[in-house]
Every structure is written in structure tokens, then in C-alpha cells.
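A.B. asks: can't give you the sequence, but here's the structure:
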Ligand SMILES: Nc1nc2c(ncn2[C@@H]2O[C@H](COP(=O)(O)OP(=O)(O)O)[C@@H](O)[C@H]2O)c(=O)[nH]1
Ligand SMILES: [Mg+2]
Ligand SMILES: [Zn+2]
């Protein structure tokens, strides 16, 4: 048997596109996956047999997967690109914070991309960037191309997930990075009227520097999956210098007495707006966690 190894880059209705060495093969998944309740996922490395004249292509096994998200359904994610707009739509930094937490929770390096820099001055982009000490931030413009090379370098060799509000320019950026990508750019006015998303299913597109990108609608897992609130502080790199300095070992940096993170906020070493959103988030996670698991 001709057994190969490749990457699943698309899956629609039980039909998978597997990529190996520049060639795309259409495969089905072996029947026994269904019995085990597992399904190949976009991003998976798999063993497969390519289609022949007499047989369909078949995925045989899924190699161990890491860093997977359920929405978007992608595995082996190496970079999470949280995109906001410096112009319209108004940045939803709570969504950005949720995306950064999701990324760090699954062990993926996030980057914050401030797009549409052509519509804003440095002061406006800085007012966002300065809130994210410890997170790489890039100001870019899909329109002028500013910063796009730096972004492409950051993604090279990885599977990158683009996420963020509708209309911030995710598809436009991907089209810039990969001019023949052919993603459909949304018409903001028409779309707002009908409330539809241009980007539907998840598919990996090949990046010129090696690597893959998924263009996904913007939402965060935290809205759907309860997360242990105790893990939240570890998802804030700007808290790391103050670790172990709070009065209580199990300090969650909310209302506790003698909290070193709150002191850092007062001293201007952690951004107050980011911290306020953190408190909102941890209280929200508490609530969900309690509803799911009872008092803790
Ligand atoms: N001025 C400006 N407009 C942009 C830029 N990037 C995207 N747009 C526009 O923003 C709108 C939404 O872009 P799109 O890529 O569909 O956003 P998505 O929903 O995040 O994929 C389109 O009208 C784009 O032409 C940019 O860098 N500057
Ligand atoms: Mg789009
Ligand atoms: Zn604390």
C-alpha cells in the first residue's frame, strides 16, 4: 500500500483535502474513526493513501495533535493573530483579551495586529498597543501594505489563525500576504445591513513563507467553554514580574488585600483598562465555573 503523510487543510461534509509536497488529495476518513468518536480536523497531520483509479483516497490515522481550538476547529495552531481596526469598526478590546487568553491557554503564541493604520495616527494606535505589555503588537495596513512583511515573517512556518471582529480586515490582510489567496473581502455597508459573514467554513491557505493561515470569524472560546478561573492570571504576561509578591499565595488579583498586581496598576506598570477587563473576565469565569461545578 502507498501510505503517505500529509496535512488536512480542508474538511467539508466528510470529504477532506490532504496536502503533501505541493499536491492536494481528496480523501475520506477511515470508517473506524466514527466508532472511536474522533474526526480528522483541519490542521491535523495524518497518514493517508492517495486516491487511485479504483479506490478513494483514505485517511488512515491522525498523528498526535496539539494546540487545538474547537471554534474555529483547527489543530496544531502555532500563532493566533488577533486583529483589530484602528478605524472602523471600533476596537472591541474585551474580545481581543479573550482571544489572547484562548491562545495562551492552548499554548500558542498570540500577536495583536492593529490594522487600518492608514486611517489613524500613531497616537491612536499607541493607545491600543500600550495596553498590551508582554504581547507582540504590530500596526499594519492591508491597504498600503505597511507592516505586512513583518506580519508575514512572524507567521512563516506556522499554522496561524486570524481572529477578530467582522470588518477589521482579516481577509484583506491574508490577501496581501498571499496575493493569489482569493479570499472574499466583505463590503462593510452591505454586510452590516444583512448581518452575514463572508468567511464561512475553516480552510487553511498556504503562505508564501511556508506555513498556513486560517481566516476565521471572530469569537472566542471563552464564551462557550468554561475555563478554570485560577488559570486566568497565567494568561497575562504583564503579571509575571509580580508573581509570588501578593500577600496570599492563591491571590487572583481581584479584590484581595496586599495584591501586587493591583499595586502595579496603581504604579502604572500594568495598564488600568486592561486590568479592569481582566477583573470583569475573572468574575465572569467564576460565575460560569460555579454554574458548571458548584461552589469551589
Ligand atoms: N482603510 C483601510 N481599509 C481596510 C484595510 N483593510 C481592510 N479594509 C477594508 O475593511 C473592510 C472589511 O475588510 P475584510 O477584509 O472583509 O474584513 P474581515 O471581515 O475581517 O475579513 C473592507 O471594505 C476592506 O476594504 C486597511 O488596512 N485600511
Ligand atoms: Mg473576512
Ligand atoms: Zn494579587
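C.D. replies: Yep, that arrived. The shown structure was predicted, so the numbers you read here are calculated from the model rather than taken from an experiment. Ligands and ions are numbered 1, 2, ... in the order given.

A.B. asks: regarding this structure, what is its longest strand?
C.D. replies: Taking DSSP state E as the criterion, the chain has its longest strand at strand 4-12.

A.B. asks: so for that strand, mean pLDDT?
C.D. replies: Mean per-residue pLDDT for strand 4-12: 95.

A.B. asks: run the chain-centre distance for it.
C.D. replies: Distance of strand 4-12 from its chain centroid, counting by C-alpha atoms, centre = their mean, to the nearest Å, is 20 Å.

A.B. asks: residues in contact with whatever helix or strand comes next after that strand?
C.D. replies: The helix or strand immediately downstream of strand 4-12 is strand 15-20, counting by DSSP states H and E. Strand 15-20 has contacts (C-beta atoms under 8 Å, 6 or more residues apart in numbering) with 4-11, 24-29, 40, 46, 48, 57, 59, 206. Placement of C-beta: from N, CA and C, glycine included.

A.B. asks: quick revisit: how far off strand 15-20 does the longest strand of the chain point, in degrees?
C.D. replies: Angle between the axes of strand 4-12 and strand 15-20 is 140 degrees (criterion: axes from the mean of the first three to the mean of the last three C-alpha atoms, to 10 degrees).

A.B. asks: which parts of strand 4-12 are buried?
C.D. replies: Neighbour counts using 16 or more other C-beta atoms under 10 Å place 4, 6-11 of strand 4-12 among the buried residues.

A.B. asks: what's near enough to touch residue 254?
C.D. replies: The contact partners of residue 254, taken as C-beta under 8 Å, 6+ apart, are 279, 282-283.

A.B. asks: that one - that's part of a strand, no?
C.D. replies: No. Counting by DSSP: H, G, I helix; E, B strand; the rest coil, residue 254 is not part of a strand but coil.

A.B. asks: does residue 87 touch residue 125 like I think?
C.D. replies: No. Taking contacts as C-beta atoms under 8 Å, residue 87 lies outside contact range of residue 125: 10.3 Å.

A.B. asks: more neighbours: the two, which one.
C.D. replies: Neighbours per residue (other C-beta atoms under 10 Å) separate residue 87 from residue 125, with residue 125 holding more: 21 against 15.

A.B. asks: contacts only, for that one.
C.D. replies: 86, 114, 117, 139.

A.B. asks: now do the helices in the stretch 151-296 of the chain.
C.D. replies: Secondary structure of the stretch 151-296 of the chain (DSSP state H, counting those that start in this stretch): helices at 170-177, 188-194, 260-266, 272-293.

A.B. asks: so which of those gets nearest ligand 2?
C.D. replies: helix 170-177 (3.3 Å; C-beta to the ion).

A.B. asks: tell me the buried residues in that closest one?
C.D. replies: Residues of helix 170-177 classed as buried by neighbour count (16+ other C-beta under 10 Å): 170-177.

A.B. asks: and for residue 256, the neighbour number?
C.D. replies: Count around residue 256 with other C-beta under 10 Å applied: 15.

A.B. asks: check the one 5 residues further on too.
C.D. replies: If you count neighbours by other C-beta under 10 Å, residue 261 ends up with 24.

A.B. asks: swap in the one 3 residues further on?
C.D. replies: Counted with other C-beta under 10 Å, residues neighbouring residue 264 total 19.

A.B. asks: that one contacts residue 242, doesn't it?
C.D. replies: Yes. Using C-beta under 8 Å, residue 264 is in contact with residue 242, at 5.4 Å.

A.B. asks: residue 43 against residue 7, yeah?
C.D. replies: Yes. If you go by C-beta under 8 Å, residue 43 and residue 7 touch, sitting 7.2 Å apart.

A.B. asks: roughly how far out does stretch 8-20 sit from the chain middle?
C.D. replies: On C-alpha atoms, centre = their mean, the centre of stretch 8-20 falls 20 Å from that of its chain.
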